[in-house]
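**Student:** give me a 3D structure for the following:
(one chain, ligands or ions: 1)
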Amino acid sequence: MSSQPKLHTLFRRDEIEATVKRLAAEIRGDYYGKYPLLIGVLKGSFMFMADLIRLLDFPLEVEFIRLSSYGRGRQTSGRIKVVQGPRSEVKGREVLVIEDIVDTGLTTSFLLDYLRKKKPASLKLCALTDKPSRRRIPVTIDYLGFTVPDKFLVGYGLDWDERFRNLPDIHVLEGDIHF
Ligand code: PRP
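**Tutor:** So this is what the prediction gives:
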């Protein structure tokens with residue numbers, strides 16, 4: 001790490017709130033009465049998940065899964081492992097994966113394959129942000145918040161080297177950052 005990172009706000013908290021409300025309405029329309037299993041991908045999705053489920057006024061179950069992919073760098077290593085899997089039975093459930101960002105698609109693609117093998121009744125993806133310019137594997141996002149530019153984003157759960165997850169807005173990280 002060298003110089004002080006600079007943050008340039010990309011989405012303010014009120015824009016995020018409006019987008020999460022829109023996504024909740026879409027999800028409600030499809031899942032009301034189906035007791036879905038929402039699986040958040042740690043750590044990045046924790047804040048999005050917390051805000052989203054508070055807007056879902058019907059019975060659902062929340063689980064988290066922990067994968068490893070990026071380590072300390074900005075680039076994905078491409079080697080993905082399940083560090084902590086969902087404890088609930090996935091078989092036969094209406095499963096909705098909750099992601100903070102789809103970048104190369106490697107993580108999400110791996111996760112969807114992993115969950116598909118567990119034979120859910122249905123499997124869909126909700127992502128707060130999508131960076132299609134970086135995609136290496138095609139991923140279908142069923143519920144999408146924002147399409148974002150090829151910049152390093154932090155805040156609202158997104159980190160740089162474990163920092164900035166706590167910021168309520170989403171920012172572009174600028175500056176001369178070294179590892
Ligand atoms: C981020 C994000 C996604 C993944 C997307 O997680 O939460 O899971 O990267 O990248 P990809 O599309 O290139 O695979 P990260 O590994 O940074 O872990 P974190 O959520 O704990 O920060």
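
**Student:** residue numbers of the protein in contact with the ligand?
**Tutor:** 41-44, 69-70, 76, 99-108, 159 (C-beta under 6 Å from any ligand atom). All C-beta atoms are positioned from the backbone trio N, CA, C, and that covers glycine.

**Student:** of these, which belong to helices?
**Tutor:** Leu106, Thr107, Thr108 (DSSP state H).

**Student:** pretty sure the last one contacts Ile101?
**Tutor:** In this case it means Thr108. No. Using C-beta atoms under 8 Å, Thr108 makes no contact with Ile101, being 9.2 Å away.

**Student:** what touches both of these two?
**Tutor:** Common neighbours of Thr108 and Ile101, counting by C-beta atoms under 8 Å, 6 or more residues apart in numbering, are Ala127.

**Student:** which residues in this protein form helices?
**Tutor:** Under the criterion DSSP H, helices of the chain are mapped to 13-31, 46-54, 106-116.

**Student:** show me the one of those that comes nearest Arg165.
**Tutor:** Arg165 sits nearest to helix 46-54 of all these, at 7.4 Å, using C-beta to C-beta.

**Student:** what pairs with Glu174 across the strands?
**Tutor:** Lys6 (DSSP bridges).

**Student:** now do it against Glu99, distance only.
**Tutor:** 24 Å (C-beta to C-beta, to the nearest Å).

**Student:** which of the two has more neighbours?
**Tutor:** Glu99 (25 against 12; other C-beta atoms under 10 Å).

**Student:** ok, that one - contacts?
**Tutor:** Counted by C-beta under 8 Å, 6+ apart, Glu99 has contacts Val41, Gly44, Ser45, Thr107, Thr108, Leu125, Cys126, Ala127, Leu128.

**Student:** the residue lying closest to the first one once chain neighbours are set aside bridge partners, please.
**Tutor:** The spatial neighbour of Val41 that comes closest, neighbours along the chain excluded (C-beta to C-beta, 6 or more residues apart in numbering), is Glu99 at 5.2 Å. Partner residues in beta bridges with Glu99, using DSSP bridges, are Ala127.

**Student:** for Glu99, give me the pLDDT.
**Tutor:** What the model reports as pLDDT for Glu99 is 98.

**Student:** pull up the gap between it and Pro59, please.
**Tutor:** 23 Å.

**Student:** in this structure Pro138 contacts Val102, no?
**Tutor:** No. Using C-beta under 8 Å, Pro138 is not in contact with Val102; the gap is 10.5 Å.

**Student:** neighbour count: the two, which is higher?
**Tutor:** Val102 (25 against 8).

**Student:** burial measure for Thr147, as a count.
**Tutor:** Neighbours of Thr147 (other C-beta under 10 Å): 11.

**Student:** thank you kindly, that will do.
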